[in-house]
Structure formats: structure tokens, C-alpha cells
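[1] how would this look folded up:
(one chain, ligands or ions: 1)
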Amino acid sequence: MNAATTPATGHDLGHGDYDLRHHGDAEAVPGMLDFAVNVRLTAPPEWLRAVLVDALGTLGRYPDAGAATAAAAARHGRPVDEVLPTAGAAEAFVLLARALRPRRAVCVHPSFTEPEAALRAAGHAVERVVLPEPYGLRPEPASAGSIPADLIPADADLVVLGNPTNPTGVLHDPADLVRLARPGRILVVDEAFIDTVPGERGSLAARRDVPGLVVVRSLTKTWGLAGLRVGYVLAEPAMVRTLARAQPLWSVSTPALAALVACCSPAALAEADRAAALLGEHRTRLVAGLAELGIEVAAPSSASFVLVRTAGGLDVRERLRAAGIAVRRADTFPGLGPDHLRIAVRPPALTDRLLTELASVIAGASAPALPDRA
Ligand SMILES: Cc1ncc(COP(=O)(O)O)c(C=O)c1O
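    I've put the predicted structure just below:
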């Protein structure tokens, strides 16, 4: 195992070339204008805070996941034995890694790196399938030859990918995802960002007919709950039992379970959907502004961030940092490099500040590079 550290992010690489454990929150120092983190809110809305405060009144008892499991099951039209609440999507990846014994595990990149990191930490070899730009599962009409989905080895018995994908924002067609399923293969679809898509278009959460499908969900992004740790798995009952056996007792806290119940309510779902629609408008504005500056968006995004490719990306990031604006480096994602940056979608007033600063960074690009690119 490679125990080198990267001078760029300072983390123990562990797994060769990319720092899989680098995340956006390491980039957004308090006080900076944050376009690095991809969580919608800095804190949950008032009504949800009230739910959390209410839950404090029962902290003397151990958590009971019954109501939350039932709420998530009802939301997706599934029986309760097909749902497992988890301490965020991240715990689901660890449970999968610890409970499964894949012979050939494949992670599709560029993508969120924790599934691969969890598999490696549990001792599994992981193969990477890196989709070419613009990072879809289908070939671009212009590209000849291989269908990207065919890059996945036929005998892979565990395949992990995200929809929509972080950091590209690509929303795969659910039919393309379903085509990846087959008997003897576990297909993990990370839907942590699916609630940034109006109507959750493309979600496989309600699909009970796809063999080996495991859908991972998160409340983190839409509800500003990164610090609470709450998500869930939707899968066949046998898989849910397997993961539950690997899960530490009372892993999901009472406030987290209360949040899950509340966020499955019709009112919460309607609020999330309105937020997703507004996000789409804000993203359109960001993408248009980037285009005016001649900055290329590397993939069509359906999520709360866009991936851009710009010459000297890391230097652009440093210059923005010097101006108090954080965007996320994307060279820690397998398949991407120093020219890639991930930019969060924010309300127009903030986006305009970013675009103004970007314009002056680009105008000053002929100036000498900043010395410290940590
Ligand atoms: C694609 C994706 N999946 C899952 C997660 C983790 O979600 P959670 O906070 O529920 O563990 C993240 C966090 O950045 C993510 O980007």
C-alpha cells in the first residue's frame, strides 16, 4: 500500500494516485464565500430545527428506527424490510464494504470517492472505470467506438456509481443504469443528489424489479444536515438484513431518525421539489455567466454544482482563494486533472460575485502565478 502523502491536500493517499479522502469542506474556510461545498443550506430550515429540538426530549431512550423506516418505505412505495436508515450515505458505503465479499468490484469515475475508499479500507481490490468527457454512460454521437457502459467488465459482481454524479452533475438515464444490473451483480446507485433534480427524475428508489439494486440516499444536501448524519438504503430484504447485521447498534441517532420522518412528509417533499426547481434556474444563470467568460462547463449538470475545465484551473482556484472565494479543486477525483474545478450553484447575488471575481482573475491570468498552491 502506498503510504505517501500529497503535498497538495496533505492527506495520506493510501490508494495510489488520488486523494480519495479530500472533500469540499476542507476548502471552504469559515469567512470565505463558499462555492466548494455542495450542501444547499448552511443549517436546516426552522421547521426542521424544531423537529430536532423536539427529539432532544427523548434522548434518554435509545433510538428506535421503526417510524423512520416506515416513513422512508412509504415515501418510496416499498415494504419496510427493504429500507435501512443509516448515519448518512457514507455509513451505507462502509456497511456495503464490510458486509460484501466482491470478487471484482468496480467504481465508475469520476465520482464521489468515499465508496472506493470504503471498499479499499475493508481490504477489497477496486477497479476504476473512468468515463470519458462528458461523463455519460452513452456514447456522444460524435465519438466513435466503445459504448462507455461496455467499459464495465461483464464479470464485475459489484458496480458503484452515482446519479446524479458528483462532481460532474451528470444525470444518467435510469434505463442505462438498469441495463448494468444482472443476476449475481450488486449495483449500487448513490442518489445522494437526486433530490436536487425536480421530481427526482431518474431515481431508481421505487424500483423493486431490478436484481441486485442498492439505492443509497442522503438527507445531507437538500436539508443542510451534513452534521446530523442521516440517510438510508433501499434494497432487497436479504441485502438490507446483511447490511443491518454489519451496522453498529443504534448507529442512527434519535434526532436523525426524527429528521428522516419529517423529511418524508408531503410538505417537505414539496419544499424540496421547489428548491430543486429554483436550483435549476440558478444553475442556468451560473452556466451562462461562465460561458460569457469563456469558461467551459465539462458536463451537462443536473445537480447543485457544475464541473468546469479551464487552463490553469488550480491557479484560478488559488487566485479566487486570495480574493476570499472557495471553489473545489477536482483533481482529487479519478479521471480529472488540475484544470478541473467544481463550482457550487448558489443564489444569483452570490453567483454574480463569483463571476465578477472570476472575470478579474482571468483578466490577470497573464500575471505571474501565485507562489503557494497548497
Ligand atoms: C455523491 C455523494 N454521495 C454521498 C455523500 C455523503 O453523503 P452523507 O452526508 O449522507 O454521508 C456525498 C458527500 O459529499 C456525495 O457527494
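
[2] which elements pack onto the helix or strand hosting T69?
    Using DSSP states H and E, T69 falls within helix 66-76. On a contact count with 3 or more C-beta pairs under 8 Å, 6 or more residues apart in numbering; DSSP states H and E, helix 66-76 meets strand 83-86, strand 231-234, helix 254-263. Every C-beta, even on glycine, is put in place using the N, C-alpha and C of the backbone.

[3] so which of these has the densest surroundings on average?
    Burial of the helices and strands packed on helix 66-76 is given as mean neighbour count (mean count of other C-beta atoms under 10 Å); strand 231-234 ranks first at a mean of 28.

[4] average pLDDT for that strand, rounded please.
    Mean pLDDT, computed over strand 231-234, is 99.

[5] look up how far L204 lies from V178.
    In this view, V178 and L204 are 7 Å apart by C-beta to C-beta, to the nearest Å.

[6] tell me, what's touching these two both at once?
    Residues touching both V178 and L204 (C-beta atoms under 8 Å, 6 or more residues apart in numbering) are V210.

[7] get me the contact residues on the stretch 201-350 of the chain for the ligand.
    Within the stretch 201-350 of the chain, the positions lying close to the ligand (C-beta under 6 Å from any ligand atom) are 218, 220, 226, 231.

[8] nearest spatial neighbour of the third one, skipping sequence neighbours?
    For A226, ignoring the flanking residues on the chain, the nearest one in space by C-beta to C-beta, 6 or more residues apart in numbering is T220 at 4.8 Å.

[9] can I see the domain layout of the protein?
    Domain assignment for the chain, taken from automatic domain parsing, gives 2-42+269-364, 60-265.

[10] just give me the lowest mean pLDDT stretch among those domains.
    Taking the mean pLDDT of these, domain 2-42+269-364 comes last: a mean of 88.

[11] picking that back up, now do the same contact list for the residue nearest to A226.
    Counted by C-beta under 8 Å, 6+ apart, T220 has contacts 39, 88-89, 192, 226, 228, 230-231.

[12] could the helices and strands packed on helix 66-76 be laid out in TSV, adding distance to D17?
    Shown next, in TSV, are the helices and strands packed on helix 66-76 (distance: least, C-beta to C-beta, whole Å):
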stretch	distance to D17
strand 83-86	29
strand 231-234	28
helix 254-263	35
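
[13] without its sequence neighbours, what residue ends up closest to P63?
    T254 is the one closest to P63 (C-beta to C-beta, 6+ apart), at 4.6 Å.

[14] the one you found against A65, yeah?
    No. With contact defined as C-beta atoms under 8 Å, T254 does not count as touching A65 (9.5 Å).

[15] give me the element the nearest residue to N163 once chain neighbours are set aside is part of.
    Distances taken as C-beta to C-beta, 6+ apart place H172 nearest to N163, at 5.0 Å, with adjacent residues excluded. Assigned by DSSP H and E, H172 falls within no helix or strand.

[16] what of R98?
    Judged by DSSP H and E, R98 forms part of helix 88-99.

[17] what sits against the residue nearest to P63?
    55, 58-59, 61, 63-64.

[18] now these: which count as buried?
    In terms of neighbour count (16 or more other C-beta atoms under 10 Å), the buried residues within the contacts of T254 are 55, 63.

[19] out of the contacts of T254, who's nearest A125?
    When the contacts of T254 are ranked by distance to A125 (C-beta to C-beta), P63 comes first, at 35.2 Å.
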